[in-house]
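Enquirer: Got a predicted structure here, sequence first:
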Amino acid sequence: MRKSFFRHLHPQRLSSQRVSFFNTFCLGGAAFFFFVILTFTGILLMFVFLPLPDRAADSITDIDSVVPFGRLFRSLHYWSGQAMLLCVLLHMTRVCVTGSYQPPRQLNWLVGLGLLCLTVALDFSGYVLRWDLQGRLAAVVGTNLIKEIPLMGDAFANALLGGDPAQPGGFLHWYVWHCIVLPQGIAILSLYHFWKIRKDGQVAPL
């Protein structure tokens, strides 16, 4: 598996048709590029952000006005997140238009759907962590949506989010999901996605 991964990730030769920009518009690569920026800026922001519901908003203010280059890195983090989500949506649209979800790529299509869901969750959880009025309302909406799952909604929401996000324990759950669980999931699925693209072959030009 390991040898196969590196062999398909870095093949000895590729046809000019497959490396054409108009084949894929590099949307998948662009999404991963923005994910790398998100990871780098996110690590820097973790040093100064306080994951407590009564300190989160003040932390954002301090990052913007007190921390050296804080506003720059937070802006890069925010806009990279929006750009990544846009690239993933456009990438999925391109896959649908070109029929790239058809066999033998149906498994990779499901992986791509998983990456889309994780990207939306990453963007949403980051929105909540600002903990301003909009962030608090978003947390309520997200929690209530999970609770609408039949039979197990309340239990699933408590296990997933740790209860009320206005309490330190619940807010910490959002923080861990945003900073650790979701990024690791995206990184692992992305590497598998890239390997599977090489293995299955790319699509024909539009």
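Expert: Yes, it's here.

Enquirer: Go ahead and confirm Val48 touches Ile63.
Expert: Yes - using Cβ atoms under 8 Å, Val48 is in contact with Ile63, at 5.8 Å. Heads up, the C-betas are built off the backbone N, CA and C, glycines and all.

Enquirer: Between the two, which is the more surrounded one?
Expert: Comparing Val48 with Ile63 by other Cβ atoms under 10 Å, the one with more neighbours is Ile63, at 19 against 15.

Enquirer: I'd like the distance between that one and Tyr78.
Expert: 11 Å (Cβ to Cβ, to the nearest Å).

Enquirer: check contacts around Ala159.
Expert: Contacts for Ala159 were tallied using Cβ atoms under 8 Å, 6 or more residues apart in numbering; there are none.

Enquirer: mind checking how far the helix or strand containing Cys96 is from the chain centre?
Expert: Cys96 belongs to helix 70-98 when assigned by DSSP states H and E. Counting by Cα atoms, centre = their mean, to the nearest Å, helix 70-98 is centred 9 Å from the centre of its parent chain.

Enquirer: For that helix, which helices and strands make contact with it?
Expert: helix 27-46, helix 56-65, helix 106-129 (3 or more Cβ pairs under 8 Å, 6 or more residues apart in numbering; DSSP states H and E).

Enquirer: Where does pLDDT dip in this protein?
Expert: Along the chain, segments meeting pLDDT under 70 span 1-23, 201-206.

Enquirer: Just give me the residue right at the centre of it.
Expert: The centre of the chain sits closest to Thr119, judged by Cα atoms, centre = their mean, with a distance of 2.9 Å.

Enquirer: Just give the closest residue to it, not the sequence neighbours.
Expert: Val88 (5.0 Å; Cβ to Cβ, 6 or more residues apart in numbering).

Enquirer: Could you measure from that neighbour over to Asp54?
Expert: Val88 is 34 Å from Asp54, by Cβ to Cβ.

Enquirer: between Val48 and Ile63, what contacts are shared?
Expert: Residues touching both Val48 and Ile63 (Cβ under 8 Å, 6+ apart) are Gly70.

Enquirer: re the thing from before, compare Val88 and Asp54 (neighbour count), which wins?
Expert: More neighbours surround Val88 than the other of Val88 and Asp54, with 25 against 11 (other Cβ under 10 Å).
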